[in-house]
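[1] sequence first, then the predicted structure:
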Amino acid sequence: MNAASQTSATVQSHTMEPLRWLRVEEAARTRGISRSLLYEFLRDGKIKSSLLRKKGNVRGIRLISAESLDAYIESHVLPWHPPTSEMASVTKSPDG
């Protein structure tokens, strides 16, 4: 895969906007999660997807909504809290 095709895999080259729909492998890879976790989110209705297939076919192409996946990930962001003085004294080395 050359550099031009790698860019078009994640960004629409003519508009430079992020893709709205991702294949399962790309969604998992670009968000740093496993395919099995992605399918778990789908099964539990936590993210949106679309299955494109021809009439009568069992198999098709599953596309993941990048917006719904990102929103779900964002909803689980935890705020960072600096260590308290109590915690800092526990983590100090005996020499420090």
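    Looks like it came in fine. Numbering: from 1, shown residues only.
[2] quick one: find the helix or strand in this structure with the lowest mean pLDDT.
    helix 3-10 (a mean of 48; mean pLDDT, DSSP states H and E).
[3] all helices for this protein, in order.
    For the chain, the helices defined by DSSP state H occupy 3-10, 24-31, 35-43, 66-74, 85-91.
[4] lowest-confidence stretch among these?
    Of all the helices of the chain, the segment with the smallest mean pLDDT is helix 3-10, scoring a mean of 48.
[5] give the contact list for Ser34.
    Residues in contact with Ser34 (CB atoms under 8 Å, 6 or more residues apart in numbering) are Ala28. For the C-beta atoms, the positions are set from N, CA and C on the backbone; glycine is no exception.
[6] excluding its backbone neighbours, what's nearest Ala27?
    Ile64 (4.1 Å; CB to CB, 6 or more residues apart in numbering).
[7] need the contact list for Tyr72.
    Going by CB under 8 Å, 6+ apart, the list of residues near Tyr72 reads 41, 46-47.
[8] one more time with 6 Å
    Going by CB atoms under 6 Å, 6 or more residues apart in numbering, Tyr72 touches 46-47.
[9] repeat for Leu22
    Here Leu22 is in contact with 64, 66 (CB under 6 Å, 6+ apart).
[10] picking that back up, was I right to think the residue nearest to Ala27 contacts Ser49?
    Yes - between Ile64 and Ser49 a contact is recorded at 5.1 Å, counting by CB atoms under 6 Å.
[11] more crowded one of the two?
    Taking other CB atoms under 10 Å, Ile64 and Ser49 do not tie; Ile64 has more neighbours (24 against 18).
[12] residues contacting the more buried one?
    Per CB under 6 Å, 6+ apart, neighbours of Ile64: 22, 27, 49.
[13] cutoff 8 Å now
    21-24, 27, 38, 42, 47-49.
[14] and which of those residues is nearest His76?
    Checking these against His76 by CB to CB gives Ile47 as the nearest, at 12.1 Å.
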